[in-house]
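**Q** build me a model:
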Amino acid sequence: MERALYGPGGFFLRPEGPAGHFRTSVHASPLFAGAVARLLAEVAEELGTDELAFVDVGAGRGELLTGVLAAVPEGLRVRPYGVERAARPEGLDPSITWTGLVPRGERGLLFANEWLDNVPVDVAQTDDDGTVRYVEVRVDGTERLGGEVTGPDAEWLERWWPLREPGDRAEIGRPRDEAWAAAVSALVAGTAVAVDYAHLGTGRPPFGTLTAFRHGRETTPVPDGSRDLTAHVALDACAAAGEAAAARPAVIRGQREVLRGLGVAGPRPPLALASADPAGYVRALASAGEAAELTARGGLGDFLWLLQRVRDDRGY
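**A** Purely as a prediction, here's the structure:
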């Protein structure tokens with residue numbers, strides 16, 4: 001997974017970027033960037049400052065960064081960072097620092113939209129004798145069961161995703177927990193947010209979630225660099241790791257709830273507006289449709305948001 005996504009010729013280093021293969025909330029509507037900008041302003045108010053950092057982890061080609069900077073309220077000064085393994089895209093706002101590492105020591109909002117689902121993980125499966133083994137895969141996608149899962153990986157499975165029956169399968173989320181804890185630890189004060197496809201302990205899928213996307217369609221997860229390899233995130237495990245790093249409780253909420261709280265409601269405009277202001281009616285109708293897509297059940301509205309506040313020595 002690491003090699004297929006980020007190695008030479010890897011999927012996320014391809015020129016077209018992720019947007020050439022799948023649609024995220026960022027690509028669905030500028031309303032999403034506007035909501036993140038409002039969240040950024042809320043964090044600034046909580047910090048008692050008019051200058052703060054916005055760190056976009058898994059920045060793609062800078063689409064969210066560009067949208068947020070365009071929507072930031074007047075008077076709020078932002079230090080923007082794009083954290084991404086791919087090269088800096090052409091035409092990006094020169095104020096944006098493009099880096100392969102999460103910056104340390106910043107105060108502000110760290111935002112990771114569909115990042116954790118692409119942090120590489122191993123897959124485990126229970127064999128016919130009840131032994132949990134790693135799943136090994138060839139470049140053509142052919143699988144076989146390998147060595148027994150032991151040590152920290154086995155401990156993670158037992159705590160977060162126990163496998164009991166032959167054929168039970170899971171993605172070992174320990175690298176994601178560690179990646180999230182490291183991101184949270186890099187922030188001195190503010191809020192860290194992860195938005196992703198996710199599941200919780202009460203609803204783990206029995207056969208895992210590993211899949212792939214190419215040219216907008218779900219396809220077989222073949223690790224040849226031609227497609228996105230992704231698996232839903234055990235978000236409660238990540239939350240526990242972030243809580244330990246920040247020494248503060250985390251909150252998990254649905255995207256539908258969070259976006260509505262940030263003003264993405266999307267009511268249909270009144271029909272009377274169609275005759276009074278036809279152009280305004282069309283704009284309002286389009287905005288309502290975009291808001292509906294971002295909050296739709298069975299779609300983008302089912303994403304989960306992990307919100308982790310980080311306190312500095314001044315008590316924030």
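
**Q** where in the chain is pLDDT low?
**A** Counting by pLDDT under 70, the chain contains low-confidence residues at 16-23, 25, 27-29, 266-295, 300-301, 313-316.

**Q** by residue count, which strand of it is the longest?
**A** For the chain, the longest strand by residue count, based on DSSP state E, is strand 187-196.

**Q** for residue 85, see how far away the nearest residue to residue 156 once chain neighbours are set aside is.
**A** Distance criterion Cβ to Cβ, 6 or more residues apart in numbering; nearest residue to residue 156, sequence neighbours excluded, is residue 174 at 4.4 Å. (Glycine included, C-beta is placed from N, CA and C.) Between residue 174 and residue 85 the computed distance is 20 Å (Cβ to Cβ, to the nearest Å).

**Q** any idea what the closest residue to residue 135 other than its chain neighbours is bridged to?
**A** Nearest non-adjacent residue to residue 135, counting by Cβ to Cβ, 6+ apart: residue 123, 4.1 Å away. In this structure, residue 123 bridges to residue 171 when assessed by DSSP bridges.

**Q** hang on, the earlier thing: what about residue 174 and residue 85, which has more around it?
**A** Neighbour tally, residue 174 and residue 85, criterion other Cβ atoms under 10 Å: the higher count belongs to residue 174, 20 against 12.

**Q** and the residue positioned nearest the centre of the chain, backbone torsions?
**A** Nearest to the mean C-alpha position of the chain, by Cα atoms, centre = their mean, lies residue 114 at 2.4 Å. Note on residue 114: its backbone torsions stand at phi 50, psi 50 [degrees, to the nearest 10].

**Q** same question for residue 99.
**A** According to degrees, to the nearest 10, the main-chain angles of residue 99 amount to phi -150, psi 160.

**Q** surely it touches residue 82?
**A** Yes - assessed by Cβ atoms under 8 Å, residue 99 is found in contact with residue 82 at 7.2 Å.

**Q** which residues in the stretch 51-200 of the chain form strands?
**A** Assigned by DSSP state E, counting those that start in this stretch, the stretch 51-200 of the chain shows strands spanning 51-57, 77-83, 97-99, 106-113, 122-126, 132-137, 143-148, 169-172, 187-196, 198-199.

**Q** got the angle for the longest strand of the chain vs strand 51-57?
**A** 40 degrees (axes from the mean of the first three to the mean of the last three Cα atoms, to 10 degrees).

**Q** and strand 187-196, how far out from the chain's middle?
**A** Relative to its parent chain, strand 187-196 has a centroid offset of 11 Å by Cα atoms, centre = their mean, to the nearest Å.

**Q** so what does that strand touch, helix or strand wise?
**A** Contact here means 3 or more Cβ pairs under 8 Å, 6 or more residues apart in numbering; DSSP states H and E; on that basis strand 187-196 packs against helix 30-47, strand 51-57, strand 106-113, helix 174-186, helix 235-246, strand 304-310.
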